[in-house]
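S.K.: Structure here, sequence nowhere to be found:
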């Protein structure tokens, strides 16, 4: 199946992605939460830009 990028049904914003190598995990960007997530970011990445070419749901 490969990696899959999920979008908001209302506005089209990328909101999650699933990786084939870890099918039990759904990754959600911390920036989508108004309050903290309990974890501080360790690095900045542009993975959502690179994931834009993945199959969409």
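M.R.: Thanks, I have the structure now. None of the values given here were measured: they were computed from a predicted structure.
S.K.: where's the residue nearest to residue 39 when sequence neighbours are not counted relative to residue 20, distance?
M.R.: Using Cβ to Cβ, 6 or more residues apart in numbering and skipping the chain neighbours, the partner closest in space to residue 39 is residue 30 (7.5 Å). For the C-beta atoms, the positions are set from N, CA and C on the backbone; glycine is no exception. To residue 20, residue 30 is 22 Å away according to Cβ to Cβ, to the nearest Å.
S.K.: So the residue nearest to residue 39 sits against residue 37, correct?
M.R.: Yes - Residue 30 is within contact range of residue 37, at 5.1 Å (criterion: Cβ atoms under 8 Å).
S.K.: Pull the contacting residues for residue 37.
M.R.: residue 30 (Cβ atoms under 8 Å, 6 or more residues apart in numbering).
S.K.: Now it: phi and psi?
M.R.: Main-chain dihedrals, residue 37, degrees, to the nearest 10: phi -100, psi 0.
S.K.: Residue 18 versus that one, what's the distance?
M.R.: Counting by Cβ to Cβ, the separation of residue 37 from residue 18 is 18 Å.
S.K.: repeat for residue 24
M.R.: As judged by Cβ to Cβ, residue 24 and residue 18 stand 9 Å apart.
S.K.: Of the two, give the one with the bigger neighbour count.
M.R.: residue 18 (19 against 5; other Cβ atoms under 10 Å).
S.K.: On the three-state scheme, that one is what?
M.R.: Put simply, residue 18 is strand when judged by DSSP: H, G, I helix; E, B strand; the rest coil.
S.K.: ok, and the closest residue to residue 16 other than its chain neighbours, which helix or strand is that part of?
M.R.: Distances taken as Cβ to Cβ, 6+ apart put residue 6 closest to residue 16, at 4.2 Å, once the chain neighbours are dropped. Following DSSP states H and E, one finds residue 6 within strand 4-7.
S.K.: which helices and strands does that strand pack with?
M.R.: strand 14-19 (3 or more Cβ pairs under 8 Å, 6 or more residues apart in numbering; DSSP states H and E).
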